[in-house]
Every structure is written in C-alpha cells, then in structure tokens.
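Novice: for reference, the sequence and a predicted model appear below.
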Amino acid sequence: MAQVKGKVLAGKVLVKPQPAETKTASGIIIPDAAQEKPLKGEVVLVGAAKKDEAVEVKVGDIVLYGKYSGQELTIDDEKYLLINQSDVLYIAE
C-alpha cells in the first residue's frame, strides 16, 4: 500500500477497508451482488485529538467500524473511508 500524503482533521481517521469476503467458511462463493460492505480496515491516517477526547487509534491498527459509518473517498485511485474516531467500535491487537 502506498503512503498517503496529507492529513485529516481533528477527531477523524482515514481507513483502508479490507476486501469483502468472497467465500463462506464452508467454501461457497458469494456473488458480488450479495457481498456485504466490509466493516474492518487498517488505519492509514489519524487526526489530532479533539478537545475533551484523547486519540485512541494509531496508524497501522486494524479496526472495526459501524456499517453506515463515514464517507467514502478515492485518493490516488485507492478507496478509503474517512470516519470519526467515535465510530470505531473495536481495535484489534
């Protein structure tokens, strides 16, 4: 993954969504129309802390976020999701 240049505003997180699952655990192939929007991704950029809110995530973290969270962006032909830090539900360790 190429390094993204720029910065995001306070309280925002830029996430590179992981690809949607194409197979079930039992090996059944899921058609494109039935694939769900990914809810997991890698943090690429983190904004500064907002007033009264500490920065909890860091670049490289794998996070889970809400289904309808954020704004989809295309930067250098790559798709990203810009979300509020408060939309992050879980940080994988």
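Specialist: Cool, the structure landed. These figures come from a predicted structure and were not determined experimentally.

Novice: give me the most central residue, the chain.
Specialist: When C-alpha atoms, centre = their mean is applied to the chain, the residue found nearest the centroid is residue 15 (3.1 Å).

Novice: and residue 87, backbone torsions?
Specialist: Backbone torsions of residue 87, given as degrees, to the nearest 10, read phi -80, psi -10.

Novice: re earlier: who's in contact with the residue nearest to the centre of the chain?
Specialist: 41, 42, 43, 44, 63, 65, 70, 80, 81, 82, 83 (C-beta atoms under 8 Å, 6 or more residues apart in numbering). (Each C-beta comes from the backbone N, C-alpha and C, glycine too.)

Novice: the second one pairs with what?
Specialist: So that's residue 42. Counting by DSSP bridges, residue 42 forms beta bridges with residue 16, residue 62.

Novice: any idea how far residue 27 is from it?
Specialist: Distance of residue 42 to residue 27, given as C-beta to C-beta, to the nearest Å: 26 Å.

Novice: how many residues are close by the nearest residue to residue 56 once chain neighbours are set aside?
Specialist: Of all residues not flanking residue 56 in the chain, residue 85 sits nearest, at 6.5 Å (C-beta to C-beta, 6 or more residues apart in numbering). By other C-beta atoms under 10 Å, 20 other residues sit near residue 85.

Novice: same deal with residue 69?
Specialist: 18.

Novice: Three-state assignment for it, please.
Specialist: Look at residue 69: counting by DSSP: H, G, I helix; E, B strand; the rest coil, its state is coil.

Novice: so who does it touch?
Specialist: Here residue 69 is in contact with 81, 83, 84, 87 (C-beta under 8 Å, 6+ apart).

Novice: spatially nearest residue to residue 72 (excluding sequence neighbours)?
Specialist: residue 81 (5.8 Å).

Novice: of the contacts of residue 15, grab the buried ones for PyMOL.
Specialist: This is the PyMOL syntax for the buried subset of the contacts of residue 15, where burial follows 16 or more other C-beta atoms under 10 Å:
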select buried, resi 41+42+43+44+63+65+70+80+81+82+83
